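Trainee: Any chance you can model this:
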Amino acid sequence: MFLTGSLGMKNHCENKIENLDPAIKKSLLLTPEVIKHYSDKLLEILKIHDFKGNIILALNGKIVFEQCFGYADISQKKMNDTKTSFQLASVSKQFTAMGIAILKEKGKLKYDDLVKKYIPEFPYDNITIRNLLSHTSGLTNYVWQIENNWKESRMPDNEDLIKLYTKHTLPLNFRPGARFKYCNTGYAFLASVIERVSGKSYATFLKENIFDVLCMDNTYVFQKDVFDTLPDLALSYVKRRGKLTHYENDNSDGIVGDKGIYSSVEDLLKWDAALYGDILLPQKSINELFRKNVTNKGDSILYGMGWRLPKTSYPQMVYHNGWWHGNKATIRRYISDKNTLIVLNNTNQKIAPVINEIQHFLYPDIQTETSDSIE
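Mentor: Reported below is the predicted structural model:
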């Protein structure tokens, strides 16, 4: 399917998104000839790499290319479509960061508060919320804890993870704030902070404060009890002995905050549009999420709060990749031009070459990513 035009919203959401910023509604002189030029180039790239999954390219808030390839469910021969929800993996972190920012805006917490203020049993005395947001906490990878110390037959949740770290406290990799080291554990604990402060589950809080507000109808947080009943779900696949095989959920899937959000390309474009206005937060507070963090020594970190930052100054850009159990994802927001690229895949495909080639087509000066181990 190939679409052009602004992303359709409904009811109150349509008015909210449409009125965000007059610039979003402007055209980039996207004549049929220009649109065809973009379409032909992207189709060429996707064909070369035999891409499977969903993709959207929007220029100045206007969809100029949208395609769906491959299966959401191979056994049922169910194809991906624009409503298909994919596991976002680490792209989920930006929603966790937004949840924390919403609580901060309401005066419920501060970024430099100690985590122990909200999770008293948290076994580390000197880690702040900002450390968790910026990957400067020094925490160890929680997957090791689950694989080695979780003994029950049921899938653990975030409260169980707190108990594991309390009972089996591991030494930190470094003093909090000393340096940057990407760590999923911090965002799992941030989800727990959201739950403790709000008094609601992480899933409910995000639904009420983000997903419902933006009419992201195909976006939700993983919950084991309802997972198998969800419509329009892209199952996870990996190749084994040359054949795509369904990747069943394991104990680590019960932990959310660092991953665990499912969404569609069109819902993510609604999210992208909302970040240019004040539907969720004042723009000043949103921009804070895109600001470089620093170590205790003052060294800059190319990571904001749930968003990675590029080395180049143009275009002004924030992005995040994700990779989990056969699912790969990216959202790239070229803020200078209000351009957006969203790529979702559920077959463990190497999507870095696809992303790099499309990005190079749009912005030749941006440094490409050499590894497909994207998070």
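Trainee: Skipping adjacent residues, who's closest to Leu172 in space?
Mentor: Distances taken as Cβ to Cβ, 6 or more residues apart in numbering put Gly138 closest to Leu172, at 3.7 Å, once the chain neighbours are dropped. Glycine gets a C-beta too; all of them are placed from N, C-alpha and C.
Trainee: Tell me how far the one you found lies from Asp212.
Mentor: Distance from Gly138 to Asp212, counting by Cβ to Cβ, to the nearest Å: 36 Å.
Trainee: Would you mind telling me which of those two has the busier surroundings?
Mentor: Shown here are Gly138 and Asp212; by other Cβ atoms under 10 Å, Gly138 has more neighbours (22 against 13).
Trainee: so that one sits in a strand?
Mentor: No. Gly138: not assigned to a strand; according to DSSP: H, G, I helix; E, B strand; the rest coil it is coil.
Trainee: pull the longest helix from the protein.
Mentor: Across the chain, the longest stretch assigned as helix under DSSP state H is helix 32-48.
Trainee: same question for whatever helix or strand comes next after that one, mean pLDDT?
Mentor: For helix 32-48, the following helix or strand on the C-terminal side (DSSP states H and E) is strand 53-59. Averaged across strand 53-59, the pLDDT comes to 97.
Trainee: likewise stretch 162-175?
Mentor: 98.
Trainee: for it, which positions count as buried?
Mentor: By 16 or more other Cβ atoms under 10 Å, the buried positions in stretch 162-175 come out as 162, 164-165, 170.
Trainee: contacts for it?
Mentor: For stretch 162-175, the external contacting residues (Cβ atoms under 8 Å, 6 or more residues apart in numbering) are 119, 121-124, 126, 137-140, 142, 145-146, 149-150, 156, 181, 189, 192, 296.
Trainee: among these, which are in strands?
Mentor: Using DSSP state E, no member of those falls within strands.
Trainee: hmm, which of those residues are the buried ones?
Mentor: 119, 122, 124, 137-140, 142, 145-146, 150, 156, 189, 192.
Trainee: Just the buried residues of stretch 265-272, please?
Mentor: For stretch 265-272, by 16+ other Cβ under 10 Å, it's 265-272.
Trainee: now stretch 306-322
Mentor: Result for stretch 306-322 [16+ other Cβ under 10 Å]: buried residues 306-310, 315, 317-322.
Trainee: and the end-to-end length of it?
Mentor: 12 Å (Cα to Cα, to the nearest Å).
Trainee: low pLDDT regions in the stretch 251-375 of the chain?
Mentor: 369-375 (pLDDT under 70).
Trainee: ok, and what's touching the longest helix of the chain?
Mentor: Against helix 32-48 from outside (Cβ under 8 Å, 6+ apart): 2, 4, 28, 51, 55, 57, 59, 64-65, 67, 69, 354, 357-358, 361.
Trainee: can you pull the buried residues of that helix?
Mentor: For helix 32-48, the neighbour count (16+ other Cβ under 10 Å) marks 35, 38-39, 41-42, 45-46 as buried.
Trainee: May I have that helix as CSV, with CA atoms only?
Mentor: Presented in CSV, the C-alpha positions along helix 32-48 are these (Å, rounded to 0.1, in the frame of the first residue of the first chain):
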residue,chain,number,x,y,z
PRO,A,32,3.3,14.1,-7.6
GLU,A,33,6.6,14.0,-9.3
VAL,A,34,8.5,14.6,-6.0
ILE,A,35,6.4,12.0,-4.2
LYS,A,36,7.1,9.5,-6.9
HIS,A,37,10.8,10.3,-6.6
TYR,A,38,10.8,9.4,-2.9
SER,A,39,8.6,6.4,-3.5
ASP,A,40,10.7,4.9,-6.2
LYS,A,41,13.9,5.4,-4.2
LEU,A,42,12.5,3.8,-1.0
LEU,A,43,11.0,0.9,-2.9
GLU,A,44,14.3,0.3,-4.5
ILE,A,45,16.1,0.2,-1.2
LEU,A,46,13.4,-2.1,0.4
LYS,A,47,13.5,-4.5,-2.6
ILE,A,48,17.3,-4.8,-2.5
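Trainee: All further residue positions should be reported with the first residue as 22.
Mentor: Yes, from this point I'll number from 22; that puts the last item at helix 53-69.
Trainee: what about it, average pLDDT?
Mentor: For helix 53-69, mean pLDDT is 93.
Trainee: residues contacting the residue lying closest to Asp358 once chain neighbours are set aside?
Mentor: What sits nearest to Asp358 in space, not counting adjacent residues and going by Cβ to Cβ, 6+ apart, is Pro336, at 6.0 Å. Residues near Pro336 by Cβ under 8 Å, 6+ apart: 355-358, 360, 384, 387.
Trainee: In CSV: the residues you listed, plus neighbour count and distance to Tyr132.
Mentor: Compiled in CSV, those are given as follows (neighbours: other Cβ atoms under 10 Å; distance: Cβ to Cβ, whole Å):
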residue, neighbour count, distance to Tyr132
Tyr355, 22, 26
Ile356, 16, 22
Ser357, 12, 26
Asp358, 17, 29
Asn360, 22, 29
Tyr384, 18, 31
Ile387, 18, 29
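Trainee: just checking, the residue nearest to Leu193 touches Tyr203?
Mentor: No. Applying Cβ atoms under 8 Å, one finds Gly159 not in contact with Tyr203, separated by 12.0 Å.
Trainee: Would you enumerate the residues in contact with the residue nearest to the spatial centre of the chain?
Mentor: The centre of the chain sits closest to Val112, judged by Cα atoms, centre = their mean, with a distance of 1.6 Å. Counting by Cβ under 8 Å, 6+ apart, Val112 touches 282, 341-343, 350-352.
Trainee: where along the stretch 22-171 of the chain do the helices fall?
Mentor: 32-39, 43-46, 53-69, 114-126, 150-155, 163-170 (DSSP state H, counting those that start in this stretch).
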